[in-house]
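Novice: Sharing a sequence plus its predicted fold:
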Amino acid sequence: MHELYQPVLAIIEQASRDIVLPYYQNLKSHQIDEKTPGDLVTIADKLSEEFIEGALTALLPEAKIVGEEAFAADEAVLDQLADGVVWIIDPIDGTGNYAAGKPPFGIMIALAEQDETIAGWLYEPLTGRICHAAKNAGAFINGQRITVPEDHPERPVAALATGFMTAEQRDTLLAAAQPYYEIVDIPRCAAEQYPRLVQGTNHISVFQRTLPWDHASGVLFLNEAGGKCARWDGSDYRPADRKKGLLGASSPKLWDEAAEQLGEIFRT
């Protein structure tokens with residue numbers, strides 16, 4: 001585990017206890033806004049990020065902060081990711097679910113250094129489940145080391161996030177995937193999707209939009225558990241990289257198969 005595992009978890013738990021859960025299923029209409037059509041933000045997102053940012057700054061004063069809601073106000077904050085030590089915050093992942101008063105939703109924090117994720121936290125407020133990973137030190141759920149299952153079904157389960165694809169990309173992807181995979185709905189929450197890949201509930205995930213607060217911690221968690229998440233060409237995911245497209249799988253073998261079966265759609 002990362003040396004800051006417990007202090008960061010304590011910050012997340014306080015944000016969950018004092019802000020996220022009290023507003024859950026108690027939001028008023030004026031406390032929910034749209035940043036862009038269909039992309040919601042609530043008062044709890046804003047307050048959670050404000051609290052977490054302050055607490056992380058006190059914990060590691062030399063680190064910069066890149067938060068989802070700060071990006072909504074000024075996209076230039078992404079420029080801070082390229083070098084130095086940076087906290088990446090998603091104060092409520094799965095805000096659409098949260099605002100509708102239903103799970104799943106989570107809190108995600110990543111720590112990056114020189115544009116490489118070195119630690120990640122994915123927290124599920126309703127159950128208290130904490131998924132954590134540290135670079136070259138493994139993946140953990142509730143403090144117990146975890147690795148991806150060795151066995152996979154003949155038709156692996158695929159959760160395909162197509163919302164940010166063109167209609168042509170979506171239709172082509174679904175047509176290409178159907179012969180090989182059992183296609184299921186996505187949870188609309190990366191803090192839930194990455195644990196599903198690690199635990200073998202899902203075996204393949206495709207993402208088009210790859211913003212750092214949604215993926216930095218999850219990519220590290222999956223890779224450290226023995227799965228694989230990478231760009232379609234096999235290159236590593238980097239938080240400052242503004243490319244689109246990620247393929248995640250419960251094993252390197254499944255990743256290779258999916259990249260061959262589906263990759264041409266996104267490499268052209």
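Specialist: Cool, got the structure.

Novice: From the contact counts, what lies against the helix or strand where Glu13 lies?
Specialist: Element membership for Glu13, per DSSP states H and E: helix 5-15. Applying 3 or more Cβ pairs under 8 Å, 6 or more residues apart in numbering; DSSP states H and E, we find helix 5-15 packed against helix 43-59, strand 106-113, strand 116-124, strand 129-134. Any C-beta I mention is one placed from the backbone N, CA and C, and that applies to glycine too.

Novice: now the ones you listed as JSON lines including mean pLDDT?
Specialist: Converted to JSON lines, these look like this (pLDDT from 0 to 100):
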{"stretch": "helix 43-59", "mean pLDDT": "96"}
{"stretch": "strand 106-113", "mean pLDDT": "98"}
{"stretch": "strand 116-124", "mean pLDDT": "98"}
{"stretch": "strand 129-134", "mean pLDDT": "98"}
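
Novice: To Asp214, which of those lies closest?
Specialist: strand 106-113 (7.4 Å; Cβ to Cβ).

Novice: Flag every buried residue along the closest one.
Specialist: Neighbour counts over strand 106-113 (16 or more other Cβ atoms under 10 Å) mark Gly106, Ile107, Met108, Ile109, Ala110, Leu111, Ala112 as buried.

Novice: Which one of these is nearest to Tyr181?
Specialist: Nearest to Tyr181 out of the buried residues of strand 106-113 is Gly106 (Cβ to Cβ; 24.9 Å).

Novice: Surely the closest one touches Arg188?
Specialist: No: in this structure Gly106 lies outside contact range of Arg188 using Cβ atoms under 8 Å: 11.4 Å.

Novice: hey, what's in contact with both of these two?
Specialist: The overlap between the contact sets of Gly106 and Arg188 (Cβ atoms under 8 Å, 6 or more residues apart in numbering) consists of Gly94.

Novice: Asp185 contacts Ala159, correct?
Specialist: Yes: using Cβ under 8 Å, Asp185 is in contact with Ala159, at 7.1 Å.

Novice: returning to that earlier point: of all the buried residues of strand 106-113, which comes closest to Gly226?
Specialist: The closest of the buried residues of strand 106-113 to Gly226 turns out to be Ala110 (Cβ to Cβ; 19.3 Å).

Novice: Report the contact partners of that closest one.
Specialist: Counted by Cβ under 8 Å, 6+ apart, Ala110 has contacts Trp87, Ile88, Thr117, Ala119, Gly120, Trp121, Pro212, Trp213, Ala216, Ser217, Leu220, Pro239.

Novice: May I have the beta-bridge partners of the second one?
Specialist: When assigned by DSSP bridges, Ile88 has beta-bridge partners Val66, Ala110.

Novice: Now do the contacts for it.
Specialist: 66-67, 81, 109-112, 117, 212-213, 216-217, 239.

Novice: Any chance of the residues you listed in a markdown table with distance to Gly38 as columns?
Specialist: Shown next, in a markdown table, are the contacts of Ile88 (distance: Cβ to Cβ, whole Å):
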| residue | distance to Gly38 |
| --- | --- |
| Val66 | 23 |
| Gly67 | 20 |
| Leu81 | 25 |
| Ile109 | 25 |
| Ala110 | 25 |
| Leu111 | 30 |
| Ala112 | 28 |
| Thr117 | 27 |
| Pro212 | 20 |
| Trp213 | 18 |
| Ala216 | 23 |
| Ser217 | 24 |
| Pro239 | 24 |
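
Novice: before we move on, back to that, can you tell me which of the helices and strands packed on helix 5-15 is most buried?
Specialist: strand 106-113 (a mean of 26; mean count of other Cβ atoms under 10 Å).

Novice: In the helix holding Glu13, which residues are buried?
Specialist: For helix 5-15, the neighbour count (16+ other Cβ under 10 Å) marks Tyr5, Val8, Leu9, Ile11, Ile12, Ala15 as buried.
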